[in-house]
Every structure is written in C-alpha cells, then in structure tokens.
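pasting the sequence and the predicted model now:
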Amino acid sequence: MAILSIPDQNFQSKNPKEIQDFLAQKGILFDQWQAKETLSLQASQEEVLAAYEHVLQPYMNQNGYKVADVININSETPNYPAIRAKFLDEHTHTEDEVRFFVEGQGLFWFHLPNSPVFNVLCQAGDLISVPANSKHWFDAGKDNPSVKAIRIFIDMEGWVPHYTGSDLAQKYAAE
C-alpha cells in the first residue's frame, strides 16, 4: 500500500484512489498489481523477471517498452551507502522510468513545476511511472534497506540519470 506525503503541507494519504488521482494530475501513472511471487533474498534478475513475465510482457508490449532489469537492494548489498547516495541526488531521465515493486519499499521524491515537493512510498504491488525529464530522487532507506523492483524503459540510454546539481534533495533527506 503506497503512502503519499507532502511534507511542507503536513499532508499524508494512504488512500489508493486519492494517491492515484493526485499523481495523475501531475502526469504520473500509478497502479497496483499483484506481487505475490515468493523470491529469495538474492534472487537473480532472470528469476525475478521470469516470475512476473505474465504481467510484465503484456504491459511492455502495449506501451512500447523494450528493456527491463531488476534493482535488488537489501541488508547484504555491498557498498550500499555509495549506491544510496547516487539515487539520492536529484536527477531526470530522457524517457519515462517505470518501476514495479515486487518486494520491500522505496521512497520516490518529486520536484515538479508548480507543485510542492512530495513523495510516494511505494511498496510491493505498486507500479509507478515517472515521466521523462521529471526531477526526482529515490531513497531505499538508510537502515535495513529492502527493495526489489523491476525497472522498465524503452532503451538502455533512458536509464542514464542526468543530475540537476540541485541540493534540494538534501533538505528532505531522511537520516
């Protein structure tokens, strides 16, 4: 179950319809799929993609996506502080960044024009599509990170982050 927060307005919602409507107004696709496959902590990318191929492939075909990979961050991830720092810097992508969370959770932050900074805590079953060129950052958590998510793009070049150089993300950083 996702949680939408607007920290500067002291607002929070756990209502899926309210979250979906708010994000749709910002051009962000949000949906909820079934994430009930049992995977090991160290499940390979191939195992994760195969487990969800039945929902992943039709979605990719329908929307023109060509490439998928898996981000698997947990307490055993080597060099996690450096990986976390990379995701915490505000950046954009040249195409939509779609993520389907199959286990754990992660916090997407958004810095969009004419909008307060907000975040969405995505959890298992949540699908979110960050529109191309949207300023955002991602936090898997400082302590005990646990997120297994499928990332979907049209082209591998779309995965390259373009950092904005802004320090806004540090203002909202969780310790």
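All right, it came through fine.

any low-confidence regions in the chain?
174-175 (pLDDT under 70).

which residues of it fall in strands?
3-6, 11-13, 29-32, 67-73, 91-92, 97-110, 118-123, 126-130, 136-139, 147-153, 162-163 (DSSP state E).

can you put those in TSV and add mean neighbour count?
(Glycine included, C-beta is placed from N, CA and C.) Output for the strands of the chain, formatted as TSV (neighbours: other CB atoms under 10 Å):
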stretch	mean neighbour count
strand 3-6	17
strand 11-13	13
strand 29-32	17
strand 67-73	18
strand 91-92	20
strand 97-110	22
strand 118-123	21
strand 126-130	22
strand 136-139	23
strand 147-153	22
strand 162-163	10
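
JSON lines for those, including distance to Leu49?
JSON lines is the format used below for those (distance: least, CB to CB, whole Å):
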{"stretch": "strand 3-6", "distance to Leu49": "27"}
{"stretch": "strand 11-13", "distance to Leu49": "31"}
{"stretch": "strand 29-32", "distance to Leu49": "19"}
{"stretch": "strand 67-73", "distance to Leu49": "6"}
{"stretch": "strand 91-92", "distance to Leu49": "24"}
{"stretch": "strand 97-110", "distance to Leu49": "10"}
{"stretch": "strand 118-123", "distance to Leu49": "19"}
{"stretch": "strand 126-130", "distance to Leu49": "15"}
{"stretch": "strand 136-139", "distance to Leu49": "20"}
{"stretch": "strand 147-153", "distance to Leu49": "7"}
{"stretch": "strand 162-163", "distance to Leu49": "26"}
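
and of the ones you listed, who's closest to Ile19?
Ile19 lies closest, by CB to CB, to one member of the strands of the chain: strand 3-6, at 4.6 Å.

and the closest one, what does it pack onto?
strand 11-13, helix 16-25, strand 118-123 (3 or more CB pairs under 8 Å, 6 or more residues apart in numbering; DSSP states H and E).

neighbouring contacts of that strand?
11-14, 18-19, 22-23, 116-121 (CB atoms under 8 Å, 6 or more residues apart in numbering).

how about stretch 19-32?
2-4, 13, 16, 98, 110, 112, 115, 120, 125-131, 134.

if we go to 7 Å?
For stretch 19-32, contacts defined as CB atoms under 7 Å, 6 or more residues apart in numbering pick out 2, 4, 13, 16, 112, 115, 120, 125-131.
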